[in-house]
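# Sharing a model that was predicted from the sequence below.
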Amino acid sequence: MRTMIFFGVLCPMLLLLILSFTDITEARAADSESIARGKYLVNQAGCNDCHSPGYAFSDGNTPEDSWLTGDAIGWRGPWGTTYSSNLRMIVTKLTQEQWLAHAKSLKTRPPMPWYNLNKMKDEDLRAIYQFIVYLGPAGDPAPAYVPPDQEPKTPYILFPSPPTQK
């Protein structure tokens, strides 16, 4: 009778428990790989150059805990003055599917290369999402956009006007 209970009830439960731990381990490994890929993409796509304070000026030696928190240095040109948004505050409020839709439809002012983000593969955007969620929310919102006819109150990088078309 005990053998029957073991093989009929306990053995399948034990097998199910072992398989669930295997699934959790595989999921964690997949998450870890996706997070590492997202970190790589954030670096290679240049996201940190603008969205991480001091990153470009420190030769990329900005601590990871301040990555993607936006910057108060403005980017001024004929369009006005724009600021690099705090991606950690924005992305962590979105589901992965909302992030994909946002990244595929985003259109912003210069110098953000939104057209490159729009063309990224879903798997890459998912990895970036996983990395940003892994980092968690941090920092403050970026300063508000300043129209071209107003002087920004923050430091800014001045872009020249584009050459005139002949």
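Received, thanks.
# Roughly how far does the residue nearest the centre of the chain sit from residue 162?
By CA atoms, centre = their mean, the chain has its centre lying nearest to residue 132, at 4.2 Å. Per CB to CB, to the nearest Å, residue 132 is found 32 Å from residue 162. From N, CA and C alone the C-beta is placed, and that goes for glycine too.
# Helices of the chain, start to end?
Along the chain, counting by DSSP state H, helices occupy 2-5, 11-44, 47-51, 87-91, 96-105, 114-119, 122-135.
# averaging pLDDT over each of these, which comes out lowest?
Least confident of the helices of the chain, judged by mean pLDDT, is helix 2-5 with a mean of 53.
# if you skip the residues just before and after it, what's nearest to the residue nearest to the centre of the chain?
residue 91 (4.4 Å; CB to CB, 6 or more residues apart in numbering).
# That neighbour reaches residue 98, doesn't it?
No: if you go by CB atoms under 8 Å, residue 91 and residue 98 don't touch, sitting 9.2 Å apart.
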